[in-house]
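Student: quick one, fold the following:
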Amino acid sequence: MIATVIGSTGLTGSCLVGKLLADSEITQIISVSRKSLNITNTKLTEVLISDLAELPSIESRIRADLYFCCLGTTIKTAGSKENFEKVDHTTIVAFAKIAKAHEAKSFALVSAMGANANSRFFYNRVKGRTEDEVKALGLRSVIIFRPALLVGSRRELRLGERIATKTLIPLSRLLPTRLKKSLITDVETLATRMLAEGKAAPAGVHVIPAKDI
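Tutor: Numbering: from 1, shown residues only. Got it, this is the predicted structure:
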C-alpha cells in the first residue's frame, strides 16, 4: 500500500511517518510539506511545495491508497484568521478532494475536540466546517480524530500548550483512563491509531473523540 501524508513535519505527522516507515505493509510513503523531513529511506518520497496553494498542481505526484491529513496551525502562527483558514480549511478540503479523485481506500484527518461548524469560537467553527465538507465528498472511508491536548516532543514552541501540559499531566495521573483521555492525547497513541484505522478503512464516516483514542 502507498500512503500520502500532508503535514508530515508537525508533531503528529512526523510521528506517523515513522510508524509508516516501520510498517511492512506500506511500500511507499509520499510526504507533502514545505520543509524536508531530512530522512533517508528508500520508502520515502518527498514532494516539497513552497506554498500550500500549489497542492492541486501536484495531484498526479501524490496518488496513494491511504491518505493522512495532519495539517494544523494556530492563528498566532498563521498570522491572521484568513491565513489560518487557508491551512485548516482550504488546504485540507483540497487534499481530501485529491484523495476522492484518486479513489482512496481511506482518508484520515486530525481535527479538534471542539470542532463544530456552529460554534461561537472561530477555531472550532473552522474545524467544524472542514469536517463537514470532507464528510460531504463521499470518500469510501473517512476517519476523523478529535484529540485533546496533544502531548509529545513538539519542535514549535507553543507557550500556552506548555503551561497546560505542565498542569494537566500531573492531574491526569489521578483520573480514570477515559477521563484522562478527555484531557490529553499522547501523540504516539494517536499516530498508531491513525495507521491502524487507515489500513482497516472502515466504510463510511467515523468520528473518533479524544476519550476513545
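Student: quick one: contacts for the closest residue to residue 101 other than its chain neighbours?
Tutor: Leaving out its chain neighbours, the residue that sits closest to residue 101 by Cβ to Cβ, 6 or more residues apart in numbering is residue 59, at 7.0 Å. (Each C-beta comes from the backbone N, C-alpha and C, glycine too.) Contact analysis of residue 59 by Cβ atoms under 8 Å, 6 or more residues apart in numbering lists 98, 101, 102.
Student: pull out the buried members of those.
Tutor: Among these, the ones that count as buried by 16 or more other Cβ atoms under 10 Å are 98, 102.
Student: for the contacts of residue 59, which one is nearest residue 1?
Tutor: Nearest to residue 1 among these is residue 102, at 13.0 Å by Cβ to Cβ.
Student: I'd say that closest one and residue 63 touch.
Tutor: Yes. With contact defined as Cβ atoms under 8 Å, residue 102 reaches residue 63; the gap is 5.0 Å.
Student: list the contacts of the spatially most central residue of the chain.
Tutor: Centroid-nearest residue in the chain, with Cα atoms, centre = their mean: residue 70, separated by 2.1 Å. Counting by Cβ under 8 Å, 6+ apart, residue 70 makes contact with 5, 6, 7, 8, 10, 12, 13, 16, 110.
Student: could you do residue 119 as well?
Tutor: Residue 119 neighbours (Cβ under 8 Å, 6+ apart): 125, 128.
Student: just the element for it, please.
Tutor: Using DSSP states H and E, residue 119 falls within no helix or strand.
Student: could you count how many residues lie near residue 58?
Tutor: By other Cβ atoms under 10 Å, the residues close to residue 58 number 14.
Student: that one: what's its closest spatial neighbour, skipping adjacent residues?
Tutor: Using Cβ to Cβ, 6+ apart, the nearest residue to residue 58 is residue 47, at 5.6 Å.
Student: and the host helix or strand of residue 131, what does it pack onto?
Tutor: Secondary structure from DSSP H and E places residue 131 in helix 122-135. Counting contacts by 3 or more Cβ pairs under 8 Å, 6 or more residues apart in numbering; DSSP states H and E, helix 122-135 is packed against helix 81-85, helix 92-101, strand 106-110, strand 141-146.
Student: only the C-alpha atoms, please, for that helix, written as PDB.
Tutor: Taking Å, rounded to 0.1, in the frame of the first residue of the first chain, the C-alpha atoms of helix 122-135 are listed here in PDB:
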ATOM      1  CA  PHE A 122     -13.700  30.800  15.400                       C
ATOM      2  CA  TYR A 123     -11.100  28.000  15.800                       C
ATOM      3  CA  ASN A 124     -13.800  25.300  16.500                       C
ATOM      4  CA  ARG A 125     -16.000  26.700  13.800                       C
ATOM      5  CA  VAL A 126     -13.400  26.400  11.100                       C
ATOM      6  CA  LYS A 127     -12.600  22.900  12.200                       C
ATOM      7  CA  GLY A 128     -16.200  22.000  12.100                       C
ATOM      8  CA  ARG A 129     -16.700  23.400   8.600                       C
ATOM      9  CA  THR A 130     -13.700  21.500   7.400                       C
ATOM     10  CA  GLU A 131     -15.100  18.200   8.800                       C
ATOM     11  CA  ASP A 132     -18.500  18.800   7.200                       C
ATOM     12  CA  GLU A 133     -17.000  19.500   3.800                       C
ATOM     13  CA  VAL A 134     -14.800  16.500   3.900                       C
ATOM     14  CA  LYS A 135     -17.700  14.300   5.000                       C
END
